[in-house]
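1. this one's structure only:
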């Protein structure tokens, strides 16, 4: 299970995003997002554009990736399962916020295609945690 958790975090961090006149990975914005979020705040009126959603999505992804990694160190099975469920589902929801206009925007389509491995890994992790891992 540790491998699947780490793989999910890595695949979420390397989701391809459109940035400026090129493309990059979400990890770049995750590293920069705390500074911008804490100094400038979140402007909810900018969520209509891909660029306006990018920093909040990166910040939330960073938080839930850290929680997912923390779940590896938790020894209590029920708490570990809750952390994995919450973090994984939150990462999926945050990803869908990023790509919400995929039918209209090429940037959203790029991120959708770049996020497919993350979605597959997340689904496998949720299946494994619910059905394949024995309760301790």
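-> Looks like it arrived, so ask away. Here the structure is a predicted model, which is why all the values come from computation and not from measurement.

2. quick one: low-confidence parts of this protein?
-> For the chain, the stretches with pLDDT under 70 are 20, 41-47, 133-136.

3. Let me know the next secondary structure element after the one helix or strand residue 63 maps to.
-> Counting by DSSP states H and E, the element that carries residue 63 is helix 50-70. Downstream of helix 50-70, the next assigned helix or strand under DSSP H and E is helix 77-98.

4. What angle do helix 50-70 and that following helix make with each other?
-> With axes from the mean of the first three to the mean of the last three CA atoms, to 10 degrees applied, the angle from helix 77-98 to helix 50-70 works out at 170 degrees.

5. picking that back up, what does the helix holding residue 63 contact?
-> 5-6, 8-9, 12-13, 17-19, 26, 29-30, 32-34, 36-37, 42-43, 45-47, 83-84, 86-88, 90-91, 94-95, 97-98, 100-101, 105, 107-108 (CB atoms under 8 Å, 6 or more residues apart in numbering). Any C-beta I mention is one placed from the backbone N, CA and C, and that applies to glycine too.

6. burial of residue 72, as a residue count?
-> 14 (other CB atoms under 10 Å).

7. Run through the residues that contact it.
-> Counting by CB under 8 Å, 6+ apart, residue 72 makes contact with 2, 5, 6.

8. just the buried members of these?
-> residue 5 (16 or more other CB atoms under 10 Å).

9. Show me the contacts of residue 72 that map onto helices.
-> Members of those lying in helices (criterion: DSSP state H): 2, 5, 6.

10. JSON lines for those, including distance to residue 115?
-> Formatted as JSON lines, the ones in helices among the contacts of residue 72 follow (distance: CB to CB, whole Å):
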{"residue": "2", "distance to residue 115": "22"}
{"residue": "5", "distance to residue 115": "17"}
{"residue": "6", "distance to residue 115": "17"}
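
11. Could you pick out the buried ones from the contacts of helix 50-70?
-> Buried among the contacts of helix 50-70 by 16+ other CB under 10 Å: 5, 8-9, 12-13, 17-19, 26, 29-30, 33, 37, 83-84, 87-88, 90-91, 94-95, 98, 105, 107-108.
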